[in-house]
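Visitor: structural data only, the sequence is not supplied:
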């Protein structure tokens with residue numbers, strides 16, 4: 001179904017000169033969630049959020065920022081982009097999560113390079129939103 005929607009959006013762009021932007025946020029969290037997450041993880045440090053979502057989330061304020069940027073930037077054509085925080089929902093380092101839950105998944109880049117500047121770096125690649133909109137997630141549950 002996603003491919004069909006993409007094809008329709010691209011058709012409108014071609015036939016009508018429209019601009020279609022499709023932000024795709026992962027689990028959207030509110031700041032009031034974060035104290036509960038901290039309690040939850042402190043009670044059991046081995047808990048680590050949702051494996052099915054690659055331990056990802058994005059703060060609602062960052063989604064709003066991306067939306068405003070998408071509406072105000074001078075863009076044309078079609079673009080679809082993911083929105084996620086730069087870190088995971090886990091206290092465990094991301095490399096450990098990968099070892100535990102995705103041991104057979106091959107990497108296109110070096111894990112050492114991916115985690116060099118942030119041991120809790122998320123697994124969702126948001127380069128399109130960062131490049132297209134100049135967007136950067138500014139909020140982390142770790143700072144709450």
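Guide: Nice, I can see it. Because the structure is a prediction, the values reported are computed rather than measured.

Visitor: right, and the helix or strand after the longest helix along the chain?
Guide: Secondary structure of the chain read by DSSP state H shows that its longest helix is helix 2-16. Using DSSP states H and E, the helix or strand that directly follows helix 2-16 along the chain is strand 20-25.

Visitor: distance from the very next helix or strand once past that following strand to the middle of the chain?
Guide: Sequence-wise, the next helix or strand downstream of strand 20-25 (DSSP H and E) is strand 28-29. How far strand 28-29 lies from its chain's middle: 10 Å, per Cα atoms, centre = their mean, to the nearest Å.

Visitor: check stretch 16-24 too.
Guide: Worked out by Cα atoms, centre = their mean, stretch 16-24 lies 19 Å from the chain centre.

Visitor: which positions in that stretch come out as buried?
Guide: Residues of stretch 16-24 classed as buried by neighbour count (16 or more other Cβ atoms under 10 Å): 20-21, 23. The way it works is simple: take the backbone N, C-alpha and C, and place the C-beta from them, glycine included.

Visitor: not counting sequence-adjacent ones, nearest residue to the residue minimising distance to the centre of the chain?
Guide: The centroid of the chain falls nearest to residue 84 when counting by Cα atoms, centre = their mean (1.7 Å). Among residues not flanking residue 84 along the chain, residue 124 sits closest, at 3.7 Å (Cβ to Cβ, 6 or more residues apart in numbering).

Visitor: thanks a lot, catch you later.
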